[in-house]
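Chemist: Any chance you could fold what I've pasted below:
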Amino acid sequence: MTLAEAVEGAARRLAAAGIDEPRRDARLLVCRLLGGGPELLLGHPERALSEEEAARIQAAVARRVAREPVSRILGEREFWSLPFGLNAATLDPRPDSETLVEAVLAECADRAAPLTLLDLGTGTGCLLLALLSELPAASGTGIDISAEAVEQAAGNAGRLGLAARARFARHSWAQGLAALGDGWDVIVSNPPYIASGAIAGLEPEVAGYDPAAALDGGADGLAAYRALIPAAAAVLTPGGLVALEIGIGQAAAVEALLAGAGLAPVRRARDLAGVERCLLATKARNGAALRPPESRG
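Modeler: Numbering: from 1, shown residues only. Model (predicted):
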C-alpha cells in the first residue's frame, strides 16, 4: 500500500461513516501518523507503507469512524498556531476560544507590561499560554480541579518554552482564588456552559470525548458563572479585565452576573461565525484601565 492509497482508502471509510470533510481528516491522520504534515502526501505519494504503518493507520481510522476527534487520536490540537497536547481530562481547544485571546490582546495598550494573568479551569492551558506567547513580560497561573489537566497544562508550558512564566495548580475556583489572593490584572475562563439536558444532543465528538465536567453548566448553563464571577471580582486589580467565553444566547444573563459583582461591561466579542462568544468586563478604578475607555471597541 502506498501513502496515496492509504489516504484514499481512509477517506472512503470516513465518508461512508458520515464524517464531515473525510479527505481532510484522512490526510491529516495518515500524514501525522507517519511523522509529517500535508506536504508528505504532496512530495511522496508513492511511498510504500510498512505493515506496521498500515496497521497503525487502520486503527486510527477505526477510531475516527467511531467519532473520536482527530485531535484526540493524535493527542494534540493546534490553538493560536501553537501545538497543545491534550488528554481525557482536558477540553479539546477549539478555534472559537481564540476569540477570547484576540479580545484580551485588543484591550492591552502595552503588550510589554508585566501583567499578571489568571486562568480559571485551565484545561490544556491554551488560553493562558496563548496570551503569554503574545505578552512577553506577563506571567500567569492556571488552576483546574483535575490533577491530570494540571499536569498536561504544565507539560504544554514546558514544550512551548513558557514554563518560566506560567505555573499551574490543582484547585477548585473558590479554593484557588482564596489561596492565590488578589492582584490579578487579567482573569480569563472558558467555564462549562452547556445546560445539563443539552449535553446528550451535542455532536458525538464532543459529548462522547470531552470531559463532562468541562461541559456541564448546570440546569441553565450558568452555574459556573454564578460561582466564579463574584470570586474573580474580589481578586481582580482595579482597572483589570475579566474575559469569559460564553455559549450562544448567554451574553445578557452573564453580563447581569458581572454587573451584580460590580464589574462594568467593556464589550462583547464575536467569533468567526458571528456568535457572541466572549464577554469582557472591568473593575473600576481612578485612572487608566488596560487601554483607555474611549478606544474600546
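Chemist: Every contact and neighbour count from this point should use C-alpha atoms.
Modeler: Noted.
Chemist: pLDDT weak spots in the stretch 151-297 of the chain?
Modeler: 286-297 (pLDDT under 70).
Chemist: So which residues of it form strands?
Modeler: Counting by DSSP state E, counting those that start in this stretch, the stretch 151-297 of the chain has strands at residues 166-170, 184-189, 236-245, 263-270, 276-283.
Chemist: which one of these lies closest to residue 117?
Modeler: Set against residue 117 and scored by CA to CA, these come closest in strand 184-189, at 4.8 Å.
Chemist: sec struct for the closest residue to residue 123 other than its chain neighbours, please.
Modeler: In this structure, residue 123 finds its nearest non-sequential neighbour in residue 90, 4.7 Å apart by CA to CA, 6 or more residues apart in numbering. At residue 90 the chain is in coil, as set by DSSP: H, G, I helix; E, B strand; the rest coil.
Chemist: ok, residue 90 touching residue 150?
Modeler: No - Residue 90 lies out of contact with residue 150 (CA atoms under 8 Å); the separation is 9.0 Å.
Chemist: how near is residue 51 to residue 271?
Modeler: 44 Å (CA to CA, to the nearest Å).
Chemist: out of the two, which sits in the busier spot?
Modeler: Each of residue 51 and residue 271 has its neighbours counted (other CA atoms under 10 Å); residue 271 has more, 16 against 10.
Chemist: Next, that one: phi, psi?
Modeler: Residue 271 has phi and psi values of phi -80, psi -180 when expressed as degrees, to the nearest 10.
Chemist: contacting residues around it?
Modeler: Neighbouring residues of residue 271 by CA atoms under 8 Å, 6 or more residues apart in numbering: 96, 99, 277.
Chemist: State the distance from it to residue 258.
Modeler: According to CA to CA, residue 271 and residue 258 sit 21 Å apart.
Chemist: circling back: shared neighbours of residue 90 and residue 150, anything?
Modeler: By CA under 8 Å, 6+ apart, the residues touching both residue 90 and residue 150 are 123, 124.
Chemist: that older thread, out of the strands of the stretch 151-297 of the chain, which gets nearest to residue 18?
Modeler: Of all the strands of the stretch 151-297 of the chain, strand 276-283 sits nearest to residue 18, with 28.2 Å by CA to CA.
Chemist: Off-centre distance for that closest one?
Modeler: The chain centre lies 16 Å from the centre of strand 276-283; the measure is CA atoms, centre = their mean, to the nearest Å.
Chemist: Then stretch 239-249?
Modeler: Computed by CA atoms, centre = their mean, the chain-centroid distance of stretch 239-249 equals 14 Å.
Chemist: Tell me where the stretch 51-200 of the chain has helices.
Modeler: 51-65, 70-74, 98-106, 126-134, 147-159, 173-180 (DSSP state H, counting those that start in this stretch).
Chemist: ok, and what's touching the first one?
Modeler: When you say that, I think you mean helix 51-65. 1, 6, 10, 13-14, 17, 19, 26, 29-30, 33-34, 70, 73.
Chemist: Buried residues of that helix, list them for me.
Modeler: If you call a residue buried by 16 or more other CA atoms under 10 Å, then helix 51-65 has these buried ones: 53, 54, 57, 58, 60, 61, 64, 65.
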